[in-house]
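>>> Here's a sequence, model it:
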Amino acid sequence: MQLSKDTQEKLKRYFLNASPFLWGLLKATRKKDRVSELKALGFLRQSPTGPNQVYDRINQELLIIPGIEGILEQIVAPRVWASFPPEILRYFRRCWEQGQTPPISYLKEQRLYRRHPLGNEVYEGWPIRPPEGYRDPAFIFFGINTQYNFIERWTVFAGLWFEEIEPLLGTANGA
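This is a model prediction of the structure:
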């Protein structure tokens with residue numbers, strides 16, 4: 001993928017200012033596990049192990065090797081394509097272009113989201129409550145109100161994917 005200097009800089013800013021880290025595309029939820037996941041993918045070879053890892057330093061190392069192009073091609077796109085079949089991404093794009101979100105029932109039917117009750121009865125016997133947030137694929141593209149079970153908004157990543165990343169990648173995934 002060849003990117004113009006302006007596009008590289010814009011994508012770097014989105015990457016550096018992303019919340020959550022790597023737009024929530026990694027499977028792991030804890031920082032230590034995210035670092036291990038990236039190392040298993042062949043990144044962060046020079047990064048020391050330990051609890052002192054900070055995301056700013058991890059981001060800087062990723063921007064050196066593999067660079068923003070490699071981040072998109074080797075981490076972001078494969079994770080999106082593995083989580084969402086092409087027909088679902090096409091549907092999301094049509095919704096995006098029409099300025100609306102899909103119904104939550106669609107996400108449930110496609111097994112992209114399941115309701116996560118917030119009551120303590122779900123977590124009986126757990127030493128701590130599991131982290132809230134990015135546990136289902138739908139959370140990559142949507143801000144979902146889990147208390148009232150509806151889609152509130154598109155995430156920043158959704159706009160970035162549909163307006164910037166996907167056009168750069170073309171139809172490599174068959175979408």
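>>> Any idea which residue is closest to the centre of this protein?
The residue lying closest to the centre of the chain (Cα atoms, centre = their mean) is Leu25, at 3.0 Å.
>>> what sits against that one?
75-76, 79-80, 140 (Cβ atoms under 8 Å, 6 or more residues apart in numbering). In short, each C-beta sits where N, CA and C put it, glycine included.
>>> for those residues, which one is nearest Leu11?
Nearest to Leu11 out of those is Val76 (Cβ to Cβ; 9.9 Å).
>>> Leaving out chain neighbours, which residue sits closest to the closest one?
Nearest residue to Val76, sequence neighbours excluded (Cβ to Cβ, 6 or more residues apart in numbering): Leu25, at 6.0 Å.
>>> before we move on, what about Arg93?
Phe162 (5.7 Å).
>>> Then Phe92?
Distance criterion Cβ to Cβ, 6+ apart; nearest residue to Phe92, sequence neighbours excluded, is Phe141 at 6.1 Å.
>>> Does the one you found touch Gly159 like I think?
No. In this structure, Phe141 is not within contact of Gly159 by Cβ atoms under 8 Å, at 9.7 Å.
>>> Low-confidence ranges, the protein, go.
Applying pLDDT under 70 to the chain flags residues 47-53, 115-135, 171-175.
>>> at 90 instead, please
Applying pLDDT under 90 to the chain flags the ranges 1-4, 18-37, 39-61, 64-65, 82-83, 111-137, 139, 144-150, 169-175.
>>> Okay, helices next: where are they in it?
According to DSSP state H, the chain carries its helices in the segments 5-16, 31-40, 55-64, 67-70, 77-83, 86-98, 104-109, 138-141, 156-160, 166-169.
>>> In TSV, list those along with distance to Gln147 and mean neighbour count.
Output for the helices of the chain, formatted as TSV (distance: least, Cβ to Cβ, whole Å; neighbours: other Cβ atoms under 10 Å):
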stretch	distance to Gln147	mean neighbour count
helix 5-16	29	14
helix 31-40	26	15
helix 55-64	28	15
helix 67-70	36	17
helix 77-83	24	17
helix 86-98	23	15
helix 104-109	13	15
helix 138-141	15	24
helix 156-160	21	18
helix 166-169	31	15
